[in-house]
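>>> output the structure for:
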Amino acid sequence: MPKTEIIYFLPDVDAGVTSIVRNLLKYRPKSDLKYKVIFTREIERESVYIKDIFNVDEQIVFKYSKHENLYAVSKRLKSYVTSSDSILVSNDGLEMRMVQLLKMPNPLAYIIHGDFKYYYGLVNQNQGIIDQYIAYSKFTEEQLYTKIDSSNHNKVKMLYYPVPEIKSSLQTDKPTDLLFVGSFNERKGVQFLFKIYKAIQAKLPHVNFVLVGSGEMDAELKAQFSLEPNVLFKGQLNNSEVTQEMQKAKVLLFPSLSEGLPNVVVESMKAKCVPVCSDIPSGIPDLIDDKVTGYRVPIGDITLFSNSAIDLLENEESRSSIAKNAFNKAYSMFNPVKNAEHYEDLILKIEPKEKLFLNQTLGGILNQKYMPNALVTLIRKLNLSPKL
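Numbers count the residues shown, from 1 in each chain. Next up, the predicted model:
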């Protein structure tokens, strides 16, 4: 009898979603299940690709072009699905489009990774084929109940994901004052970092700041900080290197505009690096009790961000107390082994029902069964109309 196969699909972009799936697989229970991970890579999209090896039996990079006929892409992707009993764990849209177009009966779980219109759009479009919704913040769980039909409410489950334990003594002599970890883009709030830093520097002239990451605003950020000798850009680091930076840092600046439940904040709590976060509804309330396990600040409030960081840097006793509280909360909520077991148990218990497939063209109008892929690709490369 063949092994039960669980296939995780996720975009080939080394970001927060990747960290969560990486840890789900890293800490999965030992069993005779067959695990597979498929990284879907749109070749026209520039990104930091996933380089490490996941804890799976098979790891695949699936490349496709945005110009191709979606039917052709879906058929190639389906070739990696062993049988109609393989359990599919979706983290994005391509694999759900495959299930829709090819009318696949496979059990399908969808992990929703944030409070974003894009993800809710996928939820709305694919209610007929999703057998299990997994949210990992209370807010996203509540939002799902408002976005899907009441008949599907029993398919929603809120589970915190696994986060590795970090061995760290409660240092008081950490060398890094301020730390940022994340993509250099507006959604992560990096446009606020220079003003926050300068406001802190006005009170604490020798404050230092380490930035970890990369992205579309890389050049702009480096230009802003070019005359600041106490600011260091570390670039893109692997997980262990990021952990080391967190262990060395006193305060994490997290001025993001929107999130799911930010893995980087959980990691900072486990590293006893106190987070100062935008008070966004999704994820942050699960983690941060204001001035108890970190600081919650209105989005874009430069003065409160800087004052909160100054309070922490100037008051070692208060910072140590908050760091300890944050560590204890994260340790309790994000147990790597137990949480990974909960995910696997839930996925294995999926009881697929008859799927209600969409009877409509997905994407451009050239996505038709009868359209040759080479012709569709050629026409779309001519860029005649976005509707194609």
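
>>> show me what secondary structure element comes after the longest helix along the chain.
Scanning the chain for the helix with the most residues, using DSSP state H, yields helix 316-333. For helix 316-333, the following helix or strand on the C-terminal side (DSSP states H and E) is helix 336-348.

>>> name the residues of that following helix that are buried.
For helix 336-348, burial by neighbour count (16 or more other Cβ atoms under 10 Å) applies to 336, 339, 340, 342, 343, 344, 347. Where you see a C-beta, it was placed from the backbone N, CA and C, and this is true even at glycine.

>>> and the first one, how far from residue 205?
Counting by Cβ to Cβ, to the nearest Å, the gap between residue 336 and residue 205 amounts to 41 Å.

>>> now the last one
Spatial separation of residue 347 from residue 205 under the definition Cβ to Cβ is 53 Å.

>>> can you list phi and psi of residue 231 for me?
With angles defined as degrees, to the nearest 10, residue 231 sits at phi -110, psi 130.

>>> that one touches residue 200, doesn't it?
No - Residue 231 is beyond contact range of residue 200, at 11.5 Å (criterion: Cβ atoms under 8 Å).

>>> so which of these two has more stuff around it?
Neighbour totals were compared for residue 231 and residue 200, and residue 200 leads with 24 against 21 (other Cβ atoms under 10 Å).

>>> show me what the longest helix of the chain is packed up against.
Taking 3 or more Cβ pairs under 8 Å, 6 or more residues apart in numbering; DSSP states H and E as contact, the helices and strands that helix 316-333 lies on are helix 263-270, strand 274-278, helix 284-287, helix 302-314.

>>> which other helices and strands does the longest one contact?
Based on contacts counted as 3+ Cβ pairs under 8 Å, 6+ apart, the elements that helix 302-314 packs against are helix 193-203, strand 249-254, strand 274-278, strand 295-297, helix 316-333.

>>> now render these as CSV, adding distance to residue 66.
Below are the helices and strands packed on helix 302-314 laid out as CSV (distance: least, Cβ to Cβ, whole Å):
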stretch, distance to residue 66
helix 193-203, 32
strand 249-254, 32
strand 274-278, 32
strand 295-297, 38
helix 316-333, 38
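
>>> for residue 179, which of the ones you listed is the nearest?
Residue 179 lies closest, by Cβ to Cβ, to one member of the helices and strands packed on helix 302-314: strand 249-254, at 3.8 Å.

>>> quick one: the closest one to helix 302-314, angle?
160 degrees (axes from the mean of the first three to the mean of the last three Cα atoms, to 10 degrees).

>>> what's strand 249-254 packed up against?
The helices and strands touching strand 249-254, judged by 3+ Cβ pairs under 8 Å, 6+ apart, are strand 176-181, helix 263-270, strand 274-278, helix 302-314.

>>> recalculate using a threshold of 7 Å.
Strand 249-254 sits against strand 176-181, strand 274-278, helix 302-314, with contacts defined as 3 or more Cβ pairs under 7 Å, 6 or more residues apart in numbering; DSSP states H and E.

>>> domains for this structure, by residue range?
5-162+338-381, 176-334 (automatic domain parsing).

>>> where does pLDDT dip in the stretch 51-200 of the chain?
168-172 (pLDDT under 70).

>>> could you pull out the strands for it?
Taking DSSP state E, counting those that start in this stretch to define them, one finds strands in the stretch 51-200 of the chain at 58-64, 87-90, 108-112, 132-135, 156-158, 176-181.

>>> re the thing from before, out of the domains of the chain, deepest packed?
Ranked by mean neighbour count, those are led by domain 176-334 with a mean of 19 (mean count of other Cβ atoms under 10 Å).

>>> first-to-last residue distance for that one?
End-to-end distance for domain 176-334: 25 Å, by Cα to Cα, to the nearest Å.

>>> re the thing from before, possible to save the strands of the stretch 51-200 of the chain as CSV with distance to residue 142?
Listed next are the strands of the stretch 51-200 of the chain as CSV, based on distance: least, Cβ to Cβ, whole Å:
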stretch, distance to residue 142
strand 58-64, 34
strand 87-90, 21
strand 108-112, 12
strand 132-135, 9
strand 156-158, 9
strand 176-181, 28
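
>>> show me the one of these that comes nearest residue 100.
The closest of the strands of the stretch 51-200 of the chain to residue 100 is strand 108-112. By Cβ to Cβ, the value is 10.3 Å.
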